[in-house]
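In: Model the structure of this input:
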Amino acid sequence: MTIVGVDDTDSRERGMCTTYVAAEIADRLAERGDVERLLLVRLNPAVEYKTRGNAALAIHADCDAEFAFAVARDVLESLAETADERTNPGLVVADHRPTGAPDAVREFARRAVRDRLEIDEAEALVAAAGYRSWGAGNGRGRIGALAAVGSWLAVDDWTWECISYREPGRWGTPREVDAQSVFAAADQRYPAVWDTVDRGEGELVCVPHTPGPILHGIRGDDPDAVRATAAAIESEPVASRRLFATNQGTDAHLRNGALPALEDGGAYRVDGRVTRAPETRRGGHVFLEIGDGGTRLECAAFEPTKRFRDRVRALREGDRLTVCGEVSRGTLKLEKFAVRDLVATEGVTPTCQECGRTMESAGRDQGYRCRDCDTAAAEKDRVALERDLEPGWYEVPPCARRHIAKPLVRGGFDGPTHPER
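Out: This is a model prediction of the structure:
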């Protein structure tokens with residue numbers, strides 16, 4: 001058995017897609033032996049030099065490693081968008097079964113989903129394991145390629161994506177996909193298939209907007225269901241179709257964190273209470289602050305999260321939460337949050353029991369008094385507070401979800417869920 005790992009072949013401006021490169025390699029390898037599976041592994045979404053999804057690919061094939069290396073390098077050299085100086089493709093080929101990766105390679109793959117790794121470490125591990133490797137530009141793609149090689153042992157939760165590719169002559173042109181058929185197919189197999197559409201925004205989430213070769217990608221928990229959903233969509237001709245096992249929709253990037261021990265570039269689950277009520281700022285971005293003891297953390301729901309911001313705006317000072325997201329420049333970018341405890345009452349200025357009028361402040365820390373009746377109250381009255389939220393988990397809508405973030409509909413959360421569709 002041979003494992004071929006590839007990464008960093010696409011460009012934000014020029015297109016291409018590493019899944020397509022991997023599919024082309026798999027087709028060539030299938031001429032010499034069986035291709036057992038293809039893996040699509042989403043790595044740390046906070047890495048600054050990534051393209052949108054930060055995906056590395058692995059092909060598990062029953063063929064000679066030397067032949068696989070030659071084929072993969074040839075495909076990479078012909079398809080990778082190296083005219084973009086930010087594209088630095090990498091290739092790593094391992095001559096063992098997917099379960100045979102050394103512990104150090106497996107651990108490297110685990111860390112690649114949450115940390116920033118360096119090319120020097122990847123090169124040292126490649127040499128120690130005796131793997132074949134190749135890279136163009138600065139060779140940074142070998143980081144992801146090595147992580148893909150070790151991912152079969154490193155990933156605990158696999159989901160599926162069926163990707164349909166366009167005919168090459170159509171790349172860079174508007175995609176022809178019948179929206180009604182997509183919504184119908186999405187409804188038929190939900191929740192086994194998820195994040196195909198965003199009903200609230202009326203958006204086809206599965207159809208990309210980049211100039212690359214993908215027509216649409218269908219994600220879910222069941223391989224047969226994602227295949228059937230892809231086949232049910234009416235569209236321009238499909239040139240080819242591939243099924244990938246993937247760590248998408250798993251929250252693998254999140255680690256349990258605590259204030260104040262959070263670092264920029266990491267993604268965390270953090271507990272705290274709202275210490276500053278939500279505030280909508282210029283651009284429609286919503287900010288609030290949570291705290292634990294004397295430590296504070298700013299959290300943000302940015303405009304692209306759309307209706308999720310209304311959930312955030314409904315929070316009040318004192319609510320107890322678990323928040324999830326990436327920390328950047330000291331601010332946690334919200335992906336989801338759980339309401340653990342809601343403030344049920346609020347303080348209001350007391351009403352005079354004699355005349356029914358609202359009292360006035362008697363001065364700092366001196367309570368309240370009625371000027372007409374000379375009655376007094378030591379503190380504010382507490383009244384029941386109507387809330388637009390319930391305990392449980394809330395998430396960004398499908399149109400704003402990161403590839404690796406786990407949709408609530410998949411289950412396994414420690415409380416009630418309020419999934420977005």
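In: give me the number of residues near D34?
Out: For D34, the neighbour count with other Cβ atoms under 10 Å is 11. Using the backbone N, CA and C atoms, a C-beta is placed for each residue, glycine as well.
In: Now do the same contact list for it.
Out: D34 makes contact with 61-62, according to Cβ atoms under 8 Å, 6 or more residues apart in numbering.
In: Likewise for the one 3 residues further on?
Out: By Cβ under 8 Å, 6+ apart, the contact list for R37 reads 59-60, 245.
In: List the contacts of the longest strand anywhere in the chain.
Out: In the chain, assigned by DSSP state E, the strand with the most residues is strand 267-280. If you take Cβ under 8 Å, 6+ apart as the criterion, strand 267-280 is touched by 45-46, 114, 253-259, 262, 286-292, 296-297, 309, 312-327, 332, 335, 340.
In: one more time with 6 Å, if that's ok
Out: With Cβ atoms under 6 Å, 6 or more residues apart in numbering as the test, strand 267-280 has contacts from 253-257, 262, 286-292, 296, 312-313, 315, 317, 319-320, 322-324, 326.
In: residue boundaries of the helices in the chain?
Out: 18-29, 65-79, 103-112, 119-129, 141-154, 179-189, 223-232, 308-313 (DSSP state H).
In: Rebuild those as a markdown table, extending it with mean pLDDT, distance to Y165 and mean neighbour count.
Out: What follows is the helices of the chain, written out as a markdown table (pLDDT from 0 to 100; distance: least, Cβ to Cβ, whole Å; neighbours: other Cβ atoms under 10 Å):
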| stretch | mean pLDDT | distance to Y165 | mean neighbour count |
| --- | --- | --- | --- |
| helix 18-29 | 94 | 6 | 23 |
| helix 65-79 | 92 | 12 | 19 |
| helix 103-112 | 97 | 26 | 20 |
| helix 119-129 | 95 | 29 | 16 |
| helix 141-154 | 96 | 20 | 28 |
| helix 179-189 | 98 | 17 | 17 |
| helix 223-232 | 98 | 11 | 19 |
| helix 308-313 | 98 | 32 | 20 |
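In: do you know which of the ones you listed lies nearest A94?
Out: Among those, the nearest to A94 by Cβ to Cβ is helix 141-154 (4.9 Å).
In: got a list of contacts for the closest one?
Out: Residues from elsewhere that reach helix 141-154 (Cβ under 6 Å, 6+ apart): 3, 5-8, 39, 41, 43, 56-58, 88-92, 94, 98, 101, 105-106, 108-110, 112, 117, 119, 122, 133, 135.
In: Okay, and the beta partners of L297?
Out: I290 (DSSP bridges).
In: is it true that it touches I290?
Out: Yes. If you go by Cβ atoms under 6 Å, L297 and I290 touch, sitting 5.4 Å apart.
In: about what we covered before: tell me which of the contacts of strand 267-280 fall in strands.
Out: 254-256, 286-292, 296, 320, 322-324, 326.
In: show me the contacts for E326.
Out: For E326, the contacting residues are 46, 267, 333, by Cβ under 6 Å, 6+ apart.
In: residues making contact with stretch 128-140?
Out: Among residues not part of stretch 128-140, those counted as contacts by Cβ under 6 Å, 6+ apart are 69, 73, 82, 88-94, 102, 119, 126, 141-142.
In: Apply 7 Å and report the result again.
Out: Stretch 128-140 is contacted from outside by 8, 65, 69, 73, 80, 82, 87-94, 102, 105, 119, 126, 141-142, using Cβ atoms under 7 Å, 6 or more residues apart in numbering.
In: Same question for stretch 101-116.
Out: The contact list for stretch 101-116, computed with Cβ under 7 Å, 6+ apart, reads 43-44, 47, 94, 117, 125, 129, 143-144, 146-147, 149-151, 153-154, 252-253, 255, 265-267.
In: one step back: buried residues, the longest strand of the chain. List them.
Out: Applying a neighbour-count criterion of 16 or more other Cβ atoms under 10 Å, the buried positions in strand 267-280 are 267-274, 278.
In: what does stretch 199-214 give?
Out: For stretch 199-214, the neighbour count (16+ other Cβ under 10 Å) marks 203-208, 210, 212-214 as buried.
In: same thing with stretch 319-332?
Out: Quick answer for stretch 319-332 (16+ other Cβ under 10 Å): 319-327, 331-332.
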